[in-house]
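Undergrad: Got a predicted structure here, sequence first:
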Amino acid sequence: MGDKKMFYGWWVVAASVVIMAMLHPLITTCWGLYVKPITNDMGFSRSAFGICSTIFSGVTVFLSPYFGKWLANKNTRLIHAICIIGLAASYASFSLAQNITHFYISAIFMGAFSCGAVALPVSIVLTNWFVKKRGLAISIALAGSGFGGAIISPIMANIIQNYSWRTSFLIFAGAMLIICLPMMLIMKKSPEAMNLKAYGVDGVSTNVQKTTDSRVELNMTLAEAKKHSFFWIYLFGMFSLCFVGFGSLSQLAAFLADVHGPAFAAGILSLFLVIVTFGKISLGWVYDKFGTRAGTSYICIVFAISIACMLFPGSKPLMYVMAFLYGLGICTGTVCPPVITAAMFGSKHYGEIYGYVNLSVYLGAAISVPAIAIIYDKTGSYQAAWYLCIALIMISLIALLYSDIKCQSLTVQRINARQDDIKTAI
């Protein structure tokens, strides 16, 4: 009894933490550190450079449904490894850019390879490994992005300041390969590949008396989901939420640097990234403990308050409060999509459904990054953008709660119908 081994799925979680810690900050969280040095050096506007993020997200939007199916049905580990190599190569290619067109070309390849390298394969694999504590497992893995970002941010700022932004791209491209490729040895696609069962799978029940149990799975196919209006409302809710997350994050460093200088901006960025680590893990626990509706309500309200703090950038103390709340709220873009999707639609067809959710996530990113940059270029301020973000968070909360209620109602109907069929047969 004393020789009981730790469930292998937790090793998969650990490998996922490393992957997220290295890759996610470089293409999202810390990307904002390149805005000022590149635009100042190359002489183009922030909105022009922001199109890189639009292209990146646009490619991700287009390819996510395909990668969702490939990762779920093909050799997940091989696809994942190839995409990590491709992502590193495309990241390094930014160092060679001589004009804005070169940046756009590199962004195309970075977007394509990121689909199969970062959050999508991690969420698909972990959904296979966990039924019970799925929210916690996914959130711990995704928390790696906050932990990694807190480490990478000051290092990147130092490299850019003392060497160049071109050197930064080369150094971190090499780090992607050295750190992430060995993790492929641990990332097993599913417990069945090791003759194991998913964690907590024996606790899943479809008994009518337990229809409120958060572990009851609908297991709806993508084709079936498309027939229900709540599915499209759900996608719109994710789009709106991620519009705010990606859009605000892309300009956060520049927003703070404009008022208090780059050193203060880097410090605030590091602080909020430390909070992100705690925020993601705690949000996963909230989802597991209190359900998707309570978790979504909590995190959307916190996120809205953090954006409201940005309306008063002149106050340094308030910016520290903002960093804390924003560190919690920004988890909406990473934790909410995979956890809520798995809770609503189940694990059986998760890959293909999450491909469409990921499409909505990055469609929000594709539109929001240049939109907020354009607002700044036109008005010389981010105030209007922050008001827009607050409104979209509230709209997203309503959409997600509505779709969750409708999906749960359908789950109950199906289980009750199944029980009626069993009683009739008896």
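TA: Yes, it's here.
Undergrad: For the nearest residue to Pro37 once chain neighbours are set aside, give me its contacts.
TA: Among residues not flanking Pro37 along the chain, Trp165 sits closest, at 4.8 Å (C-beta to C-beta, 6 or more residues apart in numbering). All C-beta spots, glycine's among them, are computed from the backbone N, C-alpha and C. With contacts defined as C-beta atoms under 8 Å, 6 or more residues apart in numbering, Trp165 is in contact with 34, 37-38, 41.
Undergrad: For Trp165, give its distance to Asp41.
TA: 7 Å (C-beta to C-beta, to the nearest Å).
Undergrad: Longest helix in the chain, by number of residues?
TA: What stands out as the longest helix in the chain, according to DSSP state H, is helix 383-425.
Undergrad: where does the residue nearest to Pro37 sit relative to Leu363, distance-wise?
TA: 28 Å.
Undergrad: ok, now Gly284?
TA: When distance is defined by C-beta to C-beta, Gly284 is 25 Å away from Leu363.
Undergrad: Between those two, point out the one with more neighbours.
TA: Gly284 (26 against 21; other C-beta atoms under 10 Å).
Undergrad: just how off-centre is stretch 44-57 within its chain?
TA: Offset of stretch 44-57 from its chain centre (C-alpha atoms, centre = their mean, to the nearest Å): 19 Å.
Undergrad: Could you pull up the mean pLDDT of it?
TA: Taken as a whole, stretch 44-57 carries a mean pLDDT of 84.
Undergrad: Kindly report the same for stretch 339-355.
TA: 86.
Undergrad: where in this protein is pLDDT low?
TA: Applying pLDDT under 70 to the chain picks out residues 1-4, 202-217, 417-426.
Undergrad: Spatially central residue in it, please.
TA: With distances taken as C-alpha atoms, centre = their mean, the residue of the chain nearest its centroid is Thr334 (2.6 Å).
Undergrad: can you pull the contacts of that one?
TA: 24, 119, 142, 145, 280.
Undergrad: ok, the closest residue to the fourth one other than its chain neighbours - how many residues close by?
TA: Counting by C-beta to C-beta, 6+ apart, the nearest residue to Ser145 once its immediate chain neighbours are dropped is His24, at 3.7 Å. If you count neighbours by other C-beta under 10 Å, His24 ends up with 24.
Undergrad: tell me which element His24 is part of?
TA: For His24, the enclosing helix or strand under DSSP states H and E is helix 9-27.
Undergrad: after that helix comes which helix or strand?
TA: helix 35-42.
Undergrad: what about that next one, distance to the chain center?
TA: 26 Å.
Undergrad: same check, this time on stretch 232-239
TA: 15 Å.
Undergrad: Please identify the buried residues of it?
TA: 233-239 (16 or more other C-beta atoms under 10 Å).
Undergrad: and which of these is nearest Ala323?
TA: Nearest to Ala323 among those: Met238, at 24.6 Å, using C-beta to C-beta.
Undergrad: Name the SS class of the closest one, please.
TA: Assigned with DSSP: H, G, I helix; E, B strand; the rest coil, Met238 falls in the helix class.
Undergrad: That one contacts Val357, correct?
TA: Yes. Met238 lies in contact with Val357 (C-beta atoms under 8 Å); the separation is 5.9 Å.
Undergrad: tell me, what's touching the two both at once?
TA: In contact with both Met238 and Val357: Pro337, using C-beta under 8 Å, 6+ apart.
Undergrad: helix/strand/coil for the nearest residue in space to Thr76 that is not next to it in sequence?
TA: Nearest residue to Thr76, sequence neighbours excluded (C-beta to C-beta, 6+ apart): Lys189, at 4.4 Å. Under three-state DSSP, Lys189 falls in the coil class.
Undergrad: Throw the contacts of Trp165 into JSON lines and include distance to Leu222 and neighbour count, thanks.
TA: Putting those into JSON lines (distance: C-beta to C-beta, whole Å; neighbours: other C-beta atoms under 10 Å) gives the following:
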{"residue": "Tyr34", "distance to Leu222": "36", "neighbour count": "20"}
{"residue": "Pro37", "distance to Leu222": "42", "neighbour count": "17"}
{"residue": "Ile38", "distance to Leu222": "39", "neighbour count": "21"}
{"residue": "Asp41", "distance to Leu222": "45", "neighbour count": "11"}
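Undergrad: Dump those into JSON lines; add distance to Phe113 as well.
TA: Listed next are those as JSON lines, based on distance: C-beta to C-beta, whole Å:
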{"residue": "Tyr34", "distance to Phe113": "18"}
{"residue": "Pro37", "distance to Phe113": "24"}
{"residue": "Ile38", "distance to Phe113": "21"}
{"residue": "Asp41", "distance to Phe113": "26"}
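Undergrad: Closest one of the residues you listed to Ala72?
TA: Nearest member of the contacts of Trp165 to Ala72, counting by C-beta to C-beta, is Tyr34, at 33.2 Å.
Undergrad: Could you pull up phi and psi at the nearest residue to the closest one once chain neighbours are set aside?
TA: Among residues not flanking Tyr34 along the chain, Trp165 sits closest, at 5.7 Å (C-beta to C-beta, 6+ apart). Torsion angles at Trp165 (phi, psi; degrees, to the nearest 10) stand at phi -70, psi -30.
Undergrad: same question, Tyr199
TA: phi -60, psi 120.
Undergrad: circling back to that earlier point, okay if I get the contacts of Thr334 as CSV plus distance to Lys406 and secondary structure?
TA: Below are the contacts of Thr334 laid out as CSV (distance: C-beta to C-beta, whole Å; DSSP: H, G, I helix; E, B strand; the rest coil):
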residue, distance to Lys406, secondary structure
His24, 31, helix
Ala119, 26, helix
Leu142, 26, helix
Ser145, 31, helix
Lys280, 27, helix
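Undergrad: Return the closest of the residues you listed with respect to Ile367.
TA: The closest of these, once distances to Ile367 are taken by C-beta to C-beta, is Ala119, at 19.0 Å.
Undergrad: The closest one: neighbour count?
TA: Neighbour number of Ala119 under other C-beta under 10 Å is 26.
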